[in-house]
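Asker: Mind folding the following:
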Amino acid sequence: MRLLVLGGTEFVGRAVVEDALGRGWDTTVFHRGTRPAPEGATVLHGDRLAEGGLAELGTGEWDAVVDTWSAAPSAVAAAANLLADRAGHYAYVSSRSVYTYPSPAGSDEDWPVVEGAPDAGATDYANDKRGGELAAERAFGDRALSVRAGLVLGPHENVGRLPWWLNRVARGGPVLAPGPRDLPLQYVDARDLAAWTLDAAEKGLGGPYNLVSPPGHTTMEGLLTACAAATGSDAEFRWTDPDVVAEAGIRPWTDLPVWLPPGEMHEALHGAGVARAVAAGLRCRPVAETVTDTWEWLLSVGGEAPQRTDRPSPGLDPEVEARVLAAG
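Answerer: Predicted coordinates:
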């Protein structure tokens, strides 16, 4: 397979490139050149938002394209239109954020989506991702695949959710653990997302797929226990009722990454129907493997994960945590 990855130097894109190289695929990476591409890939440089920025994609043919863009849909439209006659398949890594909120537990790819626009500039994340899907579909038709990823974790994470938990648990001592402890979680390891996407591209799959583990792949306790095991920590988890967390002004998802209290938002973000992706071959590795590998990678980069500039750094203020724990 001849593969072109638009991006390919960070997190999901990097996982796609590394998986493709591991398969022996002829892999080309197109990016701005601000970070090194995985060794073994052919590198093309260009800025998708600059005038003439796609010049190096003016020639060449590929069996498949994977695009991880998450800003202005017009950039997806420009690339997809340019490549439509020279690439066999276009996989756009989208997001479950394209669904109208709230989506109930078990909702699948038929749930209504936000409007989006294929030629729009950057607006908000949900509409940008939906616009990217529409741009790919307009250029490639049924050769376009929309990979609607849920929460993505794993090595090279540049949002900081799992790295924050790992570093917090590694420090040990009493840890505010948001309950209930058996709260089901749903996420996908970036490497499992990459493997499924490349398999789907090779098969020529089109249309939307929710790409995240089955609900309850692990629990909040399972995730934190894996963090303690991976780091060798003596952390003492103080399981705290969601009402106590809320009364303290602690924000779910941002102050306490990954976690959402039971209710509407939890159902929307941790309860997606994924039967279609599972039937098409999705396999998700155990939480212990994702957590351990992420910790090993984190240690290899000095303990601090790179942070995307368009996302706030997650994590709970130590003073707030200490105050809540003392009150309990």
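
Asker: Could you pull up the residues touching the closest residue to L134 other than its chain neighbours?
Answerer: Excluding its sequence neighbours, the residue lying closest to L134 (CB to CB, 6 or more residues apart in numbering) is P118, at 4.1 Å. (Each C-beta comes from the backbone N, C-alpha and C, glycine too.) For P118, the residues meeting the contact criterion (CB atoms under 8 Å, 6 or more residues apart in numbering) are P73, S74, V76, A77, G131, G132, L134, A135, R138.

Asker: for C227, same thing?
Answerer: W165, L166, V169, A170, S233, A235, V291, W295.

Asker: So which bits of the helix or strand containing the fourth one are buried?
Answerer: What it means is A170. Per DSSP states H and E, A170 falls inside helix 161-171. Within helix 161-171, the residues that count as buried by 16 or more other CB atoms under 10 Å are R161, L162, P163, W164, W165, L166, N167, R168, V169, A170.

Asker: Next: stretch 19-38.
Answerer: Judged by neighbour count (16+ other CB under 10 Å), stretch 19-38 contains these buried residues: D19, A20, L21, W25, T27, T28, V29, F30, H31, A37, P38.

Asker: quick one, phi psi at the fifth one?
Answerer: Translated: T27. Comment: the main-chain dihedrals of T27 come out as phi -110, psi 130, following degrees, to the nearest 10.

Asker: That one contacts A20, doesn't it?
Answerer: Yes: if you go by CB atoms under 8 Å, T27 and A20 touch, sitting 4.5 Å apart.

Asker: residues shared between the contacts of the two?
Answerer: Both T27 and A20 are contacted by L3, V5, under the criterion CB under 8 Å, 6+ apart.

Asker: Nearest the geometric middle of this protein, what residue?
Answerer: V152 (3.3 Å; CA atoms, centre = their mean).

Asker: Just the strands from the stretch 151-300 of the chain, written as ranges.
Answerer: With DSSP state E, counting those that start in this stretch as the criterion, the stretch 151-300 of the chain has strands at 152-153, 174-178, 184-185, 188-189, 207-211, 218-219, 236-240, 252-253, 256-257.

Asker: what packs against the second one?
Answerer: The reference is to strand 174-178. Using 3 or more CB pairs under 8 Å, 6 or more residues apart in numbering; DSSP states H and E as the contact criterion, the elements in contact with strand 174-178 are helix 220-231, strand 236-240, helix 242-247, helix 318-327.

Asker: Show the contacting residues for the closest residue to P214 other than its chain neighbours.
Answerer: Among residues not flanking P214 along the chain, V274 sits closest, at 5.6 Å (CB to CB, 6+ apart). Taking CB under 8 Å, 6+ apart as the criterion, V274 is in contact with D108, N210, L211, V212, S213, P214, P215, L282.

Asker: Which of the residues you listed fall in helices?
Answerer: Counting by DSSP state H, no part of the contacts of V274 is found in helices.
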